[in-house]
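Engineer: Give me a model of this one.
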Amino acid sequence: MTLQKLIPIVLQVSVLLTVFAIGLGASLQDATYMFRNPGKLLRALLSMNVLMPLFALLLISVFDLTPAVRIALVALSLSPIPPLLPNKLVKEGSTDSYAIGMLVALALLAIIIVPIGLEIVEVVRNVPLGIKMSSIAKIVFITALLPVGIGILVHFFLPHLAERAAKPVSQIAGIALLLSFFAILIAAAPAIWTLVGNGTVIALAAFVLVGLAVGHLLGGPARENRKSLAISTASRHPGIALALAVANFPEEKLVLAAVLLYLLVNAVVSIPYLLWLKRQQPEVASSALNKLS
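Structural biologist: A predicted model of the protein is given here:
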């Protein structure tokens, strides 16, 4: 087996192990959290599945983007959160229940919401679009629902084993994930470079910035939830975005490069927001102490 064929396999396995590790530290209550809190679920759907697709359509109308970037933006705006995100959210201070509940709920609802979103975009842009529900179901089941579900079952029946195994499994998967991602990134670097220009980076940065702002505003009164929804709204499932692109525009070979460029822009643009939130923590703690004194 060549290295070129091995890298995607390692990437897929590392994603599955990462989501499995998330499930090892979760419970059934965590997984069903959003369905038990419909107000929070509705705000998440409004933020991710209504406002961001509308903004993506605005971006592709305003900027003179290449077809691959236009396709990637719309596909990303319709995709749910990536399966790796709950791990990042918990590290950033979110609760397991909110982060994992969002992953499960939006992955399940994506099976219905994504095809509906495509139909709406088809009417607005007058471009024939579509994808089978089974294709979306297969992706969310394999990359999110199955590994997190197995992890939750292990946590339920063997809680001590799950607690001990979660961290090393996550660490091994994280190392493999980083190595695979950088290898793919290096291989795709020439294609990514061809997309830079014509406002592409500005459009992608605007997508991330607006996602952070919309999620923060709709996250509710709890600071942790605002941060979680902000990051979730700005971050999307690259696998589903690529599936949407391939199903509708198989001739566009640069969509993968566009999605990778989005991931890079997302990582860079999100840094000031996360630093701003960390600077707010001492102020919040000081305000709480003043109220108690």
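Engineer: Please give the element, helix or strand, for I81.
Structural biologist: Following DSSP states H and E, there is no helix or strand that holds I81.
Engineer: Now do the contacts for it.
Structural biologist: M48, M102, L103, L106, S232, S235, R236, H237 (C-beta atoms under 8 Å, 6 or more residues apart in numbering). Yep, even glycine has a C-beta here, placed from its N, CA and C like the rest.
Engineer: Tell me the buried residues in the helix or strand of the chain with the lowest mean pLDDT?
Structural biologist: Lowest on mean pLDDT, DSSP states H and E among the helices and strands of the chain sits helix 85-91, with a mean of 73. Buried residues in helix 85-91, counted by 16 or more other C-beta atoms under 10 Å: L85, P86, N87, K88, L89, V90.
Engineer: Nearest to A56, out of the contacts of I81: which one, please.
Structural biologist: The closest of the contacts of I81 to A56 turns out to be R236 (C-beta to C-beta; 10.2 Å).
Engineer: so who does the closest one touch?
Structural biologist: When contacts are counted by C-beta under 8 Å, 6+ apart, R236 touches L76, S77, S79, P80, I81, P82.
Engineer: Can I get those in TSV including pLDDT?
Structural biologist: Shown next, in TSV, are the contacts of R236 (pLDDT from 0 to 100):
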residue	pLDDT
L76	95
S77	95
S79	93
P80	90
I81	87
P82	85
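Engineer: Please render those residues as a markdown table that adds distance to L59 to the earlier fields.
Structural biologist: Compiled in a markdown table, the contacts of R236 are given as follows (distance: C-beta to C-beta, whole Å):
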| residue | distance to L59 |
| --- | --- |
| L76 | 11 |
| S77 | 9 |
| S79 | 16 |
| P80 | 20 |
| I81 | 20 |
| P82 | 20 |
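Engineer: between those, which is closest to A222?
Structural biologist: Distances from A222 to the contacts of R236, taken by C-beta to C-beta, are shortest for I81, at 18.1 Å.
Engineer: What ranges in the stretch 151-293 of the chain fall below the confidence cut-off?
Structural biologist: Residue ranges of the stretch 151-293 of the chain with pLDDT under 70: 281-293.
Engineer: any idea where the helices of it begin and end?
Structural biologist: Secondary structure of the stretch 151-293 of the chain (DSSP state H, counting those that start in this stretch): helices at 159-195, 200-218, 223-234, 238-248, 255-292.
Engineer: Against which helices or strands is the first one packed?
Structural biologist: Spelled out, that is helix 159-195. Here helix 159-195 touches helix 3-24, helix 146-157, helix 255-292, going by 3 or more C-beta pairs under 8 Å, 6 or more residues apart in numbering; DSSP states H and E.
Engineer: Likewise for the shortest one?
Structural biologist: Taking 3+ C-beta pairs under 8 Å, 6+ apart as the contact definition, the neighbouring helices and strands of helix 238-248 are helix 67-78, helix 96-125, helix 133-140, helix 255-292.
Engineer: Check the ones you listed for me and report the most buried one.
Structural biologist: helix 67-78 (a mean of 26; mean count of other C-beta atoms under 10 Å).
Engineer: Just list what it packs against, helices and strands only.
Structural biologist: Using 3+ C-beta pairs under 8 Å, 6+ apart: helix 67-78 touches helix 52-62, helix 96-125, helix 200-218, helix 238-248, helix 255-292.
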